[in-house]
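1. Test case, fold it:
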Amino acid sequence: MSAVAAMANNTIADLLVCDQLGVGVPGRPLLATVHTQFVPGRVTAILGPNGAGKSTLLAMLSGQRAPCSGHVWMGGQPVSGKGTQALARQRAVLPQDTAVAFDFTVQEVVEMGRFPHRQQPSRQEARIVTAAMEATGVAHLAGRSINTLSGGERARSHLARALAQIWEPQPNGPAGATRWLLLDEPTAALDLAHQHHTLALVRRWAVEQGVGVVAVLHDLNLALRYAHDSLLLAPGLAGPRGVQATAHLLTPDTIAQVWGVRSTPVQAADGVPQYLVAAQ
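-> Next up, the predicted model:
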């Protein structure tokens, strides 16, 4: 299904909407204007070179940073108008920096993901934290201090926290209570196997549970394999940015223009398009 068809199958209350969103830092020129919609049940990658505003945009989508102009709408309501707890029950964020100041165990960190649900706990509450750790492959680290882990183990532990936070649909939730998983470079600290495991996991969550996944990625081949759609941020691109099908967006000409590298298209054994990349 194309991104356009997927949008047609959802109401505006299901979508995460950027309405002429000004991406940038106050007092400096805008990096981009984004006017588009993110669709539940799909993985959307935010792509672009360093400094293009990818992490800034993700922070605006999550409500952690105010836009320079325009608005972000989630569930038919402005993100800025949602209460902290209501927002936390609807979207989970995995930041780039996963350092923890205190000496919590992995299990305690994952349990923090359930804090927004303390007033209305799930019937499966006792199982959710363990299941989230099992899904990301850190259950055997449950009793370890998170500050003693490798960067990759720590990243997977925080992914388990994010999954635990939105593990189930909200009971008796309001209309438009689509769950969103917002990931900032989730594969940066991971080895090859865990990169694929992580993105395959979140893609399954999107497709099977209807969760909307938005992830900042740098690896174009990972985006081609796991992201249904992509949004490209780059200096020199004219007009408001919009979401497109990943395979349609990432052409050799676009890759050369944006990243300044040569790319040769190939096809993996399973038919997924990939690129061999070299300096120009």
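2. C-alpha from now on. contacts and neighbour counts both.
-> Will do.
3. Just list the residues touching Ala215, thanks.
-> Listed by CA atoms under 8 Å, 6 or more residues apart in numbering, the contact set of Ala215 reads 43-46, 182-186.
4. As TSV, the residues you listed with pLDDT would be great.
-> Listed next are the contacts of Ala215 as TSV, based on pLDDT from 0 to 100:
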residue	pLDDT
Val43	98
Thr44	98
Ala45	98
Ile46	98
Leu182	98
Leu183	98
Asp184	98
Glu185	97
Pro186	97
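5. in this structure, which ranges drop under the pLDDT threshold?
-> Within the chain, the segments meeting pLDDT under 70 span 1-10, 172-176.
6. ok, now how distant is Leu231 from Ala45?
-> 6 Å (CA to CA, to the nearest Å).
7. Quick one: the helices in the stretch 101-250 of the chain, in order.
-> Remark: helices assigned in the stretch 101-250 of the chain by DSSP state H, counting those that start in this stretch are 106-112, 125-136, 151-165, 192-209, 220-226, 246-249.
8. looking at those helices, which is closest to Val39?
-> Taking CA to CA, helix 192-209 is the member of those nearest to Val39, at 9.8 Å.
9. If we go by neighbour counts, what in stretch 13-23 is buried?
-> 13-23 (16 or more other CA atoms under 10 Å).
10. can I get the CA coordinates of that stretch in CSV?
-> Output in CSV follows, covering the C-alpha atoms of stretch 13-23 (Å, rounded to 0.1, in the frame of the first residue of the first chain):
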residue,chain,number,x,y,z
ALA,A,13,-7.6,12.0,14.1
ASP,A,14,-5.4,9.0,13.4
LEU,A,15,-2.6,10.9,11.9
LEU,A,16,0.5,12.8,13.2
VAL,A,17,0.3,16.1,11.2
CYS,A,18,2.9,18.8,10.6
ASP,A,19,1.1,22.0,9.5
GLN,A,20,3.6,24.3,7.9
LEU,A,21,6.0,23.4,10.7
GLY,A,22,9.1,25.6,11.0
VAL,A,23,12.1,23.4,11.9
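11. related to what we said a few turns ago, most surrounded residue in the contacts of Ala215?
-> Neighbour count (other CA atoms under 10 Å) singles out Ala45 as the most crowded of these, with 31 neighbours.
12. on that earlier part again, in strands only, show me the buried residues of stretch 13-23.
-> Cross-referencing the buried residues of stretch 13-23 against strands under DSSP state E gives 16-23.
13. that older thread, comparing the helices of the stretch 101-250 of the chain, which comes out most buried?
-> Among the helices of the stretch 101-250 of the chain, ranked by average contacts under mean count of other CA atoms under 10 Å, first place goes to helix 151-165 (a mean of 25).
14. Name the nearest residue to Ser80, sequence neighbours excluded.
-> Nearest non-adjacent residue to Ser80, counting by CA to CA, 6 or more residues apart in numbering: Gly63, 6.3 Å away.
15. With Glu153 instead?
-> Distances taken as CA to CA, 6+ apart put Val138 closest to Glu153, at 7.2 Å, once the chain neighbours are dropped.
16. between the buried residues of stretch 13-23, which is nearest Glu153?
-> Looking across the buried residues of stretch 13-23 and measuring by CA to CA, the closest to Glu153 is Leu16, at 30.0 Å.
17. The residue nearest to Ser80 touches Gly81, doesn't it?
-> No - using CA atoms under 8 Å, Gly63 is not in contact with Gly81; the gap is 9.4 Å.
18. When those two are compared, which one has more neighbours?
-> Neighbours of Gly63 and Gly81, each counted by other CA under 10 Å, are more numerous for Gly63; the result is 22 against 11.
19. For the more buried one, grab phi and psi.
-> Dihedral pair for Gly63: phi 90, psi 10, per degrees, to the nearest 10.
20. if I look at it, how far off is Met74?
-> Gly63 is 10 Å from Met74, where distance means CA to CA.
21. Strands of the protein, start to end?
-> Under DSSP E, the chain gives strands at 16-23, 32-38, 43-47, 69-74, 77-78, 91-94, 180-184, 212-216, 229-232, 244-245, 261-267, 273-279.
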